[in-house]
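In: sequence plus the predicted model coming up.
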Amino acid sequence: METFAIWLLMVGLYRVFMSFLILIQTDVLKKVIYPLKPIEVSPLFCRMAFMWVISNAILTITTSLNMDNKPLYFITWLTFVIGLSHFMLEQFYFKTNTLKSNLSQLFFATPCLVIMGIKLLNW
């Protein structure tokens, strides 16, 4: 298994962990991810966030095991684009989170976006 496939597998497993943390401890979203406007984070939003993150985890893990599947690879790349865009909008437009709360997104999404984007361009 190549290095980037292992990285994607680790990102996918981290997403599984975070999805269940969001589901079980809703304060994680309120205090850590959206600290500037925690009142806007409802239990319904937490359940929806769980579904989004677990879906992304499944895609990421599946992609790490099938690195030659171009459509799957592209869809997984799009999840990183959508996720990072969401958090940047929340920080700069809606002002619900901070740079500190976006660090994990930046740490995981940025290398994936760049590496996967380069591979997609050269496919």
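Out: Now that the structure is in, tell me what you want to look at.

In: mind listing residues that contact the one helix or strand residue 80 maps to?
Out: In this assignment (DSSP states H and E), residue 80 forms part of helix 70-92. For helix 70-92, contacts defined as C-beta atoms under 8 Å, 6 or more residues apart in numbering pick out 8, 34, 56, 59-60, 62-63, 66-67, 96-99, 101-102, 105-106, 109-110, 112-113, 116-117, 119-120, 123. Bear in mind the C-beta positions are built from the backbone N, C-alpha and C, glycine included.

In: which strands or helices does the helix or strand following that helix pack on?
Out: Toward the C-terminus, helix 70-92 is succeeded by helix 99-121 as the next helix or strand (DSSP H and E). Applying 3 or more C-beta pairs under 8 Å, 6 or more residues apart in numbering; DSSP states H and E, we find helix 99-121 packed against helix 3-24, helix 70-92.

In: need the ones you listed in a markdown table (columns: mean pLDDT).
Out: Output for the helices and strands packed on helix 99-121, formatted as a markdown table (pLDDT from 0 to 100):
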| stretch | mean pLDDT |
| --- | --- |
| helix 3-24 | 96 |
| helix 70-92 | 96 |
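
In: could you check the angle helix 3-24 makes with the helix or strand residue 58 falls within?
Out: Using DSSP H and E, residue 58 falls within helix 43-65. Note on geometry: by axes from the mean of the first three to the mean of the last three C-alpha atoms, to 10 degrees, helix 43-65 and helix 3-24 are set 160 degrees apart in direction.

In: quick check: angle from helix 43-65 to helix 70-92?
Out: Using the same axes, to 10 degrees: helix 43-65 against helix 70-92 is 140 degrees.
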